[in-house]
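Trainee: With the input below, show me the fold.
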Amino acid sequence: MTPRPERAAELGLEPHPEGGWYRRTWTSPATAETPRGERPAATLIHFLLAPGETSAWHVVTSDEMWLWHGPGVLRLQLGGEGDAPVEGEVLALESSAAQRLVPAGVWQRTLPGTEEVLVSCLVSPGFSFDDFRLADG
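Mentor: You can find the predicted model right below:
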């Protein structure tokens, strides 16, 4: 495991199962019915990657809106909607493109960067680990 970055400690972030560091910062009090049960209408996390860190291929059953805070660039790779990810389009989150959407059911991962980067991720309907899957292998 990578040592906890100073900014992760300052923000109270913990290791995320996919890689990187996170903490839920908001959960909507409103709820939504989904095929997998009731969920908050939306949730929000901080997510931090240190230089060279990545997140593994994963898929979520809800839309995810990524919001860039910097300072580095976060490169987000999409992997299609199949049973397993395939290398696809790479989206950059940076000052000129500070918001990016990953639609529900689309595989995604982050690629290593050279600078620390902090983003937020708004998930709707709200995130549950019951709706999250890491790629095999």
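
Trainee: other SSEs contacting the host helix or strand of residue 7?
Mentor: Counting by DSSP states H and E, the element that carries residue 7 is helix 6-11. The criterion is 3 or more Cβ pairs under 8 Å, 6 or more residues apart in numbering; DSSP states H and E, and the helices and strands that helix 6-11 contacts are strand 43-49. Heads up, the C-betas are built off the backbone N, CA and C, glycines and all.

Trainee: Identify the residues contacting the strand it packs on?
Mentor: Contacting residues not belonging to strand 43-49 are listed as 5, 7-8, 11, 13, 16, 19-28, 55, 72, 74, 110, 113, 116-124, 126-127 [Cβ atoms under 8 Å, 6 or more residues apart in numbering].

Trainee: Read off the pLDDT value for the residue most central in space within the chain.
Mentor: Geometric centre of the chain, nearest residue: residue 121, 5.7 Å, by Cα atoms, centre = their mean. Residue 121 carries a pLDDT value of 98.

Trainee: Which strand residues bridge it?
Mentor: Residue 121 has these beta-bridge partners by DSSP bridges: residue 45, residue 66.

Trainee: Residue 105: how many residues sit nearby?
Mentor: Other residues within reach of residue 105, judged by other Cβ atoms under 10 Å, total 13.
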